[in-house]
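**Q** dropping the sequence and predicted coords here.
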Amino acid sequence: MADRTDYEYIVIGAGPAGVQMGYFMQKYGMDYLVVERADGPGAFFRTMPRHRTLISINKKYNVFPEPEFNLRHDWNSLVNDEEDEPLLFTNYSDELFPNADLMVTYVEDFCKKYPMNIRYNTSIKNVHRDDCDLAGTSKSKFTLTDDKGKKLTCRVLLVATGPCAPNDPTIPGIELVDTYTSHSLNVDDYKNKKVCILGGGNSAFEVADHIAGAAGLIHMFNRHPVKFAWDTHFVGHLRAVNNSILDMYHLKSLHALRKCDATRIWKNDDGKFSIEYDMHLPNWDPPGTGRFVTKGYDKIISCTGWKFINIDMFDGSCKPDTHTDGKFPVLDEEWQTTVKDMFFIGTPMQARDRRAASGFIHGFRYNVRSLSHMLRQKYNNKELPMKVFSPIDQEEVSKFVIKHVSVVSALYQLGQGFLCDVMLVDVDGKGNEDKPTPGKVTYIRELPQDWIRLQPWFLKAKIAILISIEDTISKYPKLSATEFFTPGDANVSNCKCSPFPQAVFRVFKEGKQVDDLYIGGSLVVRADTRNFEGDTNPDRYINKVKNLLHRNAGIGKGGFYEQLFTPDMWPKVYKPWTQEEIEEQRKAEVDKVNKKYECSMSVLRFEGVDIADM
């Protein structure tokens, strides 16, 4: 095997994504090779993150027994849950945010437990593509040349090289500063020093937190407002585990943030740094942009994130398009680049997903599994995995779906409709209300929604139902994270306004949406448990699906009860407000909206409109 040089599939990189793809390719008997430049898997985590604390949650205890449900809160394990004794990261540590050394150990152990075809010490320096007319659906021949001049060829190329290089800003003098990958970890080097950190993401705040107790003063420069994961629900935005520096800023402990755009850096004769920057000031009179200089920094550290493609690896025959100033490859609905038969997997999958978890292991592990099925269909003529119900038993299908959305991890992690299940409903004549309906329901799990919507079988389906797990925070006005505690109205059948994630059903007929159902959320994001003592769960969720199937496909009966409590129970648990109480609440809300402020960060105050009027 060591002498073999031609494969159908080659995966570049044996980090978590490459290993995950190797696991599935091995499992399905695909013709593949994984190549890795280091001498073992997971090498990135030998040194990254620099301060050795993962920000991926390792929640080991979750009350519920289902392994699939518990993967929702295990952000580090690779998918192997179909095995008799799956290898889970949660067995390696009880810490909520473990040391990154354990990730290296875990990936190494994963490769030992599930042997796969990985060739180490193979650093690919050049990728070339030729058109290929050989039998099969791939029309490419990729030639990979390593640092020793040896060549490998394949028909389909998957790039799993993860974060490739720091995404340093292109400003004069940037070469003078330290970087996230090179700065000193010795806090003594920062004692009573004046430090400037460029960046406003997790890596920048990770560095700031590490030196906050030693540095005399820290200024964090970021050109954009800091985005908090608790507000956006995007795990790549700033996490609470890294943001203690904000406590110090708002509690007036010298360290501070500046929203500005650095334009130049230089080193003075005294060995200290100066930095020039632009600051937009819409609240000044008149509004304008200031170009200021702050000097006297002992250290400047650039922590502005990563590039997720090494564009220099690809020659002119197969150089993929990029976006965000070369940070990400351009990927289509199946994670294929602008180069035919070349795919990117792992953290670069977030190039298509800035709302869910594609940039982390707990997200891309499911993307990789989905892609493995899609590749087998595309290149090896294998059917997508599916479950078929025939004839259609309304009760059976509805109970299956509710149980599934109550425990499934993939739709939970790749929420907001990024990954979906799809039910293809094919009714063969009208059935008796009390008997199964002739026909079949084909249930296909965990595919990219954008990809599904392009497939001929979806566009031709008489009835197709897409199932996802989503929250609806985008439907609300801007609220702080601490205001998002009140459950949505449980009296409505279609709960489109709920702060909690919930299963969402969208019904399509020949590609056009005709109906939807937001079943309602819960604190634990399950539809098979009670929210309150004496409520009608899980029956009401099952009833909602039954009614959806009946009104759109004529399956079974309709008119099933959907309220949270039975009519006789409602008066025992719920007291409607009096008109006086409603008016009191309305007045408090109106007063809050109409409150006038003397100060504003907006240009609108110069146009006679206060920010509070917006």
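**A** Ah, there it is. Numbering: from 1, shown residues only.

**Q** chain center to the longest helix along the chain, what's the gap?
**A** Counting residues, the longest helix found in the chain (DSSP state H) is helix 361-380. Counting by Cα atoms, centre = their mean, to the nearest Å, helix 361-380 is centred 16 Å from the centre of its parent chain.

**Q** buried set for that helix?
**A** 361-376, 378-379 (16 or more other Cβ atoms under 10 Å). Every C-beta, even on glycine, is put in place using the N, C-alpha and C of the backbone.

**Q** for whichever helix or strand comes after it, which outside residues touch it?
**A** Sequence order places strand 386-389 as the next helix or strand after helix 361-380, per DSSP states H and E. Applying Cβ atoms under 8 Å, 6 or more residues apart in numbering, the external contacts of strand 386-389 come out as Glu396, Val397, Phe400, Lys440, Val441, Thr442, Tyr443, Ile444, Arg445.

**Q** dump the C-alpha coordinates for strand 386-389 into CSV.
**A** C-alpha atoms of strand 386-389 as CSV (Å, rounded to 0.1, in the frame of the first residue of the first chain):
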residue,chain,number,x,y,z
MET,A,386,-33.0,6.6,4.0
LYS,A,387,-35.9,5.2,6.0
VAL,A,388,-39.1,4.2,4.3
PHE,A,389,-42.6,4.1,5.9
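
**Q** CA atoms of the helix or strand that that strand is followed by as PDB?
**A** Downstream of strand 386-389, the next assigned helix or strand under DSSP H and E is helix 394-407. Included here for helix 394-407 are C-alpha records, laid out as PDB according to Å, rounded to 0.1, in the frame of the first residue of the first chain:
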ATOM      1  CA  GLN A 394     -50.000   8.800  10.500                       C
ATOM      2  CA  GLU A 395     -49.300   7.900  14.200                       C
ATOM      3  CA  GLU A 396     -46.100   6.000  13.500                       C
ATOM      4  CA  VAL A 397     -44.600   8.700  11.300                       C
ATOM      5  CA  SER A 398     -45.500  11.500  13.600                       C
ATOM      6  CA  LYS A 399     -44.100   9.700  16.700                       C
ATOM      7  CA  PHE A 400     -40.900   8.900  14.800                       C
ATOM      8  CA  VAL A 401     -40.400  12.500  13.800                       C
ATOM      9  CA  ILE A 402     -41.000  13.900  17.200                       C
ATOM     10  CA  LYS A 403     -38.700  11.500  18.900                       C
ATOM     11  CA  HIS A 404     -36.000  12.100  16.300                       C
ATOM     12  CA  VAL A 405     -36.100  15.900  16.500                       C
ATOM     13  CA  SER A 406     -36.000  15.600  20.300                       C
ATOM     14  CA  VAL A 407     -32.600  13.800  20.300                       C
END
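
**Q** low-confidence ranges in the stretch 501-614 of the chain?
**A** Low-confidence segments of the stretch 501-614 of the chain, defined by pLDDT under 70: 605-614.

**Q** ok so, going back, columns pLDDT and neighbour count on top of the contacts of strand 386-389, output as CSV?
**A** As requested, the contacts of strand 386-389 are exported to CSV (pLDDT from 0 to 100; neighbours: other Cβ atoms under 10 Å):
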residue, pLDDT, neighbour count
Glu396, 97, 13
Val397, 98, 23
Phe400, 98, 17
Lys440, 97, 16
Val441, 98, 27
Thr442, 98, 18
Tyr443, 98, 21
Ile444, 98, 20
Arg445, 97, 21
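
**Q** which residue sits farthest out from the middle of this structure?
**A** Asp269 (46.2 Å; Cα atoms, centre = their mean).

**Q** elements contacting the longest helix of the chain?
**A** helix 16-27, strand 151-159, helix 410-413, strand 419-427, strand 439-448 (3 or more Cβ pairs under 8 Å, 6 or more residues apart in numbering; DSSP states H and E).

**Q** switch to 10 Å and redo it
**A** Under the contact definition 3 or more Cβ pairs under 10 Å, 6 or more residues apart in numbering; DSSP states H and E, helix 361-380 sits against strand 6-12, helix 16-27, strand 151-159, strand 342-344, helix 410-413, strand 419-427, strand 439-448, helix 449-452.

**Q** okay, buried residues for the third one please.
**A** This points to strand 151-159. For strand 151-159, by 16+ other Cβ under 10 Å, it's Leu152, Thr153, Cys154, Arg155, Val156, Leu157, Leu158, Val159.
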